[in-house]
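Asks: below are the sequence and a predicted model for it; my questions follow.
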Amino acid sequence: MAEYICKEDFIKILKEKSPIPFVETNVLIGAVSVFPAADVQPVKWIPFEIRDLDEEEKEEHPEWDCILDGELPEDGQRILVNVKFKGHESVQMDEFYSDCDGSYLDSGYDIGTEVTHWMPLPEPLKDGET
């Protein structure tokens, strides 16, 4: 997978660690400064984290053993999920739901056990994009 660095971070690295002479570094920094920057969003998998309930949560929900914690998708959101099932690992689209009975996926895979990570789907193409 390709890696991206923002223009400001690249210039900072050039200033701090450039192996080329100072004058040539300043010319390179000047050139980089005028290039347009790409609007690239980092691709990041977000873990589904399950933790034990604290004492207050146990009192409020005595029927629960654990709770899904951390950054979660919106209710009804279609997402990409990383699935580990019967010794195989794959990526697939799924829908996340959360209600008073808990959180679950449309596919029925177990969150936190079979489905370990998620990420939002990219925006659809706009007219004229390729």
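Replies: Looks like it came in fine. Treat the numbers as computed from the prediction; the structure is a model and nothing was measured.

Asks: quick one: secondary structure of the residue nearest the centre of the chain?
Replies: Taking CA atoms, centre = their mean, the centroid of the chain lies closest to residue 44, which sits 2.9 Å from it. Following DSSP: H, G, I helix; E, B strand; the rest coil, residue 44 is assigned to coil.

Asks: distance of it from residue 120?
Replies: Using CB to CB, to the nearest Å, residue 44 is found at 10 Å from residue 120. Yep, even glycine has a C-beta here, placed from its N, CA and C like the rest.

Asks: again, but for residue 70
Replies: The gap separating residue 70 from residue 120 is 15 Å, by CB to CB.

Asks: for this protein, just list every one of the strands.
Replies: 46-47, 49-52, 66-69, 78-85, 88-99, 102-105, 115-120 (DSSP state E).

Asks: same list, these, but as TSV with distance to residue 6, mean pLDDT and mean neighbour count please.
Replies: Listed next are the strands of the chain as TSV, based on distance: least, CB to CB, whole Å; pLDDT from 0 to 100; neighbours: other CB atoms under 10 Å:
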stretch	distance to residue 6	mean pLDDT	mean neighbour count
strand 46-47	21	95	14
strand 49-52	28	92	13
strand 66-69	30	88	14
strand 78-85	24	94	17
strand 88-99	26	94	13
strand 102-105	34	89	17
strand 115-120	20	94	18
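
Asks: closest to residue 36 out of those?
Replies: Of all these, strand 115-120 sits nearest to residue 36, with 25.5 Å by CB to CB.
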